[in-house]
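> Coordinates for the following, if possible.
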Amino acid sequence: MVHDNGTPVYFVSSILRNFLRAADFFPLFYCTGLISMLLNSEFKRLGDMAAGTLVVYKENSKKLKKIIKCKAKPPPADLRINEQQTILDFAERHQILSKERCIELAQILYGVTGKRGSKAVNELYAYANWLAKGK
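Here you go, the predicted model:
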């Protein structure tokens, strides 16, 4: 939560905002708060209008998860960007996938790896290590 001008919320603003939460509740189950939000172009409730605050949501940034360490190997040169991303996603999810599921998914990419079973999985990990290093 920040002020309308982007500065951090002060104690007084926070108290005012939360004090008016009770007014939002009346006459029945936040009806006043809902009406004030629908009539406001910024979708603010009464407390936000009085305190001059905004609720800001921060999306989690996508963090590269650990890929199994193995010798990096360049993937086939004709892979498109979305196919490269699929290989990286597969390698990043190894911790939540069972061994059988990894093999099953790697089988789908037989045309890329030319291998089956656990050898295909290891090949995809090698490609992912290459791609993750940006080579």
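> In the chain, mark out all the strands, start to finish.
2-3, 53-54 (DSSP state E).
> Contact partners for the most far-flung residue of the chain relative to its centre?
The C-alpha centroid of the chain is most remote from P27, which lies 37.9 Å away (Cα atoms, centre = their mean). The contact partners of P27, by Cβ atoms under 8 Å, 6 or more residues apart in numbering, come to none. Just so you know, the C-beta spots here come from the backbone N, C-alpha and C atoms, and that holds for glycine as well.
> Average pLDDT for stretch 12-29, rounded please.
For stretch 12-29, mean pLDDT rounds to 85.
> my bad, stretch 108-126
Across stretch 108-126, pLDDT averages out at 90.
> could I get it in CSV with only the CA atoms?
Output in CSV follows, covering the C-alpha atoms of stretch 108-126 (Å, rounded to 0.1, in the frame of the first residue of the first chain):
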residue,chain,number,x,y,z
ILE,A,108,7.4,-36.7,-26.4
LEU,A,109,10.6,-35.0,-27.5
TYR,A,110,12.0,-38.0,-29.2
GLY,A,111,12.2,-36.0,-32.4
VAL,A,112,14.5,-33.5,-30.7
THR,A,113,16.7,-35.9,-28.7
GLY,A,114,16.6,-39.1,-30.8
LYS,A,115,16.7,-41.0,-27.5
ARG,A,116,14.3,-42.9,-25.3
GLY,A,117,13.9,-43.5,-21.6
SER,A,118,16.3,-42.1,-19.0
LYS,A,119,18.8,-41.3,-21.8
ALA,A,120,16.3,-38.8,-23.3
VAL,A,121,15.9,-37.2,-19.9
ASN,A,122,19.6,-36.8,-19.5
GLU,A,123,19.9,-35.4,-23.0
LEU,A,124,17.2,-32.8,-22.1
TYR,A,125,19.1,-31.8,-19.0
ALA,A,126,22.3,-31.4,-21.0
